[in-house]
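Peer 1: fold the following for me, if possible:
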Amino acid sequence: MPLLLHLNQELLAMAKVVSPISAKVEVVGKLKDGDYGPYRSVLFLDQSQPEGSEAAKIWKSLSDEETKPLHKGVIVQLIPAGSDKNGNVKHNIVLLDTQNTSPPTASASTTPPAIPQRPDAPPLWTDDQKRQLSAAVCDHADLFRFCLETVKGKINDLADHRDHRAIATTVYLQVLRQEPTAAITPENALKSQE
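Peer 2: Residues are numbered from 1 along each chain as shown. Below you'll find the model as predicted:
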């Protein structure tokens, strides 16, 4: 079998493994104490499965911090990110429904309360910090664009551009999770392609 054909088949198999799941938050449980610290059980419903089916239910145990933006009705994308020691699929959770991320409140007012500003308060960022932050954002955007273009080039037979974006997001996150000694920074990843 030619090497290129073999690589394309491996990439297609990998694409199926990392296909994201569009899901809706159904339940965010109460905070519980577990062996590894406090957690909340969250039920996601896979929107590609028949409503009410067992196959649609995806339960996750998440930290209190991870559940802050989640409440019933929020739409998310669950991107497979390996598996735990028991073989259960781990997911990166990406909020898709950004307008529905704050929990419903009993208040009739839709105007957020004003945040008082002290006139003598120091600026949030210094000019040097703003430049560094701007450079880091640009570097990460360049790295993500590189991941997306590479995925499009390697897996060009996917019909939907959202599949390319989801796979590129997974690749980008995996690159960022590498050990610091082996990490590919946005700068050297792009320089190696020149």
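
Peer 1: what's the domain layout of the chain?
Peer 2: With domains defined by automatic domain parsing, the chain comprises 15-100, 127-191.

Peer 1: what would those domains look like in JSON lines with mean neighbour count and mean pLDDT?
Peer 2: The C-beta positions use only the backbone N, C-alpha and C, and glycine is treated the same way. Converted to JSON lines, the domains of the chain look like this (neighbours: other C-beta atoms under 10 Å; pLDDT from 0 to 100):
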{"stretch": "domain 15-100", "mean neighbour count": "14", "mean pLDDT": "83"}
{"stretch": "domain 127-191", "mean neighbour count": "14", "mean pLDDT": "78"}
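
Peer 1: helix or strand next in line after the helix ranked longest in the chain, which one?
Peer 2: Counting by DSSP state H, the longest helix found in the chain is helix 127-154. Counting by DSSP states H and E, the element after helix 127-154 in chain order, helix or strand, is helix 161-176.

Peer 1: ranges for the strands of this structure?
Peer 2: 21-28, 32-34, 37-46, 57-62, 75-83, 89-95 (DSSP state E).

Peer 1: give me the sheet partners of the third one and which way each runs.
Peer 2: Put plainly, it is strand 37-46. Using DSSP bridges, the strands paired with strand 37-46 are strand 21-28 (antiparallel), strand 32-34 (antiparallel), strand 57-62 (antiparallel).

Peer 1: put the alpha carbons of that strand into PDB.
Peer 2: This file holds the C-alpha atoms of strand 37-46, laid out as PDB (Å, rounded to 0.1, in the frame of the first residue of the first chain):
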ATOM      1  CA  GLY A  37     -11.900  16.500  45.600                       C
ATOM      2  CA  PRO A  38     -15.200  18.300  45.200                       C
ATOM      3  CA  TYR A  39     -17.100  17.700  41.900                       C
ATOM      4  CA  ARG A  40     -20.500  18.100  40.200                       C
ATOM      5  CA  SER A  41     -22.100  15.500  38.000                       C
ATOM      6  CA  VAL A  42     -23.200  17.100  34.700                       C
ATOM      7  CA  LEU A  43     -25.500  15.400  32.200                       C
ATOM      8  CA  PHE A  44     -25.000  16.400  28.500                       C
ATOM      9  CA  LEU A  45     -27.500  15.300  25.800                       C
ATOM     10  CA  ASP A  46     -25.900  14.400  22.500                       C
END
